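Asks: return atomic coordinates for the entry below.
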Amino acid sequence: MDDRFNTFAGWALFAGIIALGGGIVSSKLFHTERPEEMGYAIEGVEEGGEGAANGPSLNTLLASADVAKGEKVFAKCAACHTINDGGANGIGPNLHGVVGKPHGAHAGFVFTDALKGVPGNWTFEALDAWLKSPREYAPGTKMTFAGLGKPEDRANLIAYLNTQGSNLPLPTADAPEAAEGDDAANATEAADNAAVDEAAPAE
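Replies: Got it, this is the predicted structure:
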């Protein structure tokens, strides 16, 4: 009885090892990735796989930004940056009055060539791009922060940074764009009204 049980147990263990090994081998052989060029277009899906950006514009987000929420978001930055007037540099530079300043221009802090090589100033748009992905904005930067994925968080943080020594006027919200369907409907209605006017008897 014991010999038969041991035989069955041995075969079961052997079968399990074969199944596990087969699964590992097959996953290596049949590993698939998304092709660079899709065979056919799928409506509503962009090639990058991130979906269409249908959210409000940066101007609109800044016009309604919440400075208090931006201050809370800044807590993620406080490990490396100070923001008070005359504050010391840390791992990163002091950020007081940074909005509107040239890239890599804070006195007493040694910036990487990657950031010093970016032309222009820290505009709202530049800060938004930087906060979204520092490594994409300035390839080679030593800043290890991965970025803020939510546009609302970036806008709130920019609005808060702006209140700390810069105080530049925030943009006004963009006017909503009329939908193509609404334009077509309005044009059809106008044409119908014109036709009725022409058909009406003169008084």
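Asks: right, and Met143 touches His81 too?
Replies: No: taking contacts as C-beta atoms under 8 Å, Met143 lies outside contact range of His81: 10.2 Å. The C-beta positions use only the backbone N, C-alpha and C, and glycine is treated the same way.
Asks: spit out the residues that contact those two alike.
Replies: Gly92 (C-beta atoms under 8 Å, 6 or more residues apart in numbering).
Asks: quick one: buried residues of stretch 149-169?
Replies: Judged by neighbour count using 16 or more other C-beta atoms under 10 Å, the buried positions of stretch 149-169 are 151-162, 164-165.
Asks: ugh, wrong one, I meant stretch 128-136
Replies: Asp128, Ala129, Trp130, Leu131, Lys132, Pro134.
Asks: for it, give me every contacting residue.
Replies: 58, 122, 137-138, 141, 143, 145-149, 151, 154-155, 157-158.
Asks: avg pLDDT for it?
Replies: What stretch 128-136 shows for mean pLDDT is 96.
Asks: same question, stretch 155-162
Replies: 97.
Asks: same deal with stretch 139-148?
Replies: Here the average pLDDT along stretch 139-148 is 92.
Asks: now what about it, what contacts it?
Replies: By C-beta under 8 Å, 6+ apart, stretch 139-148 touches 73, 76-77, 80, 92, 112-115, 131-135, 154, 157.
Asks: can you lay out the buried residues of stretch 128-136 as a markdown table showing distance to Ala107?
Replies: Shown next, in a markdown table, are the buried residues of stretch 128-136 (distance: C-beta to C-beta, whole Å):
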| residue | distance to Ala107 |
| --- | --- |
| Asp128 | 25 |
| Ala129 | 24 |
| Trp130 | 20 |
| Leu131 | 23 |
| Lys132 | 27 |
| Pro134 | 21 |
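Asks: and Ala68, what's its pLDDT?
Replies: Reported pLDDT for Ala68: 97.
Asks: tell me which element it falls in.
Replies: helix 67-73 (DSSP states H and E).
Asks: so where's the protein uncertain?
Replies: 1-2, 20-53, 177-203 (pLDDT under 70).
Asks: the strands in it, which residues?
Replies: Taking DSSP state E, the chain contains no strands at all.
Asks: isn't Arg120 right next to Ala138, touching?
Replies: Wrong residue type there; residue 120 is Gly, not Arg. No: using C-beta under 8 Å, Gly120 makes no contact with Ala138, being 12.0 Å away.
Asks: what is the helix holding Ala68 packed up against?
Replies: helix 151-163 (3 or more C-beta pairs under 8 Å, 6 or more residues apart in numbering; DSSP states H and E).
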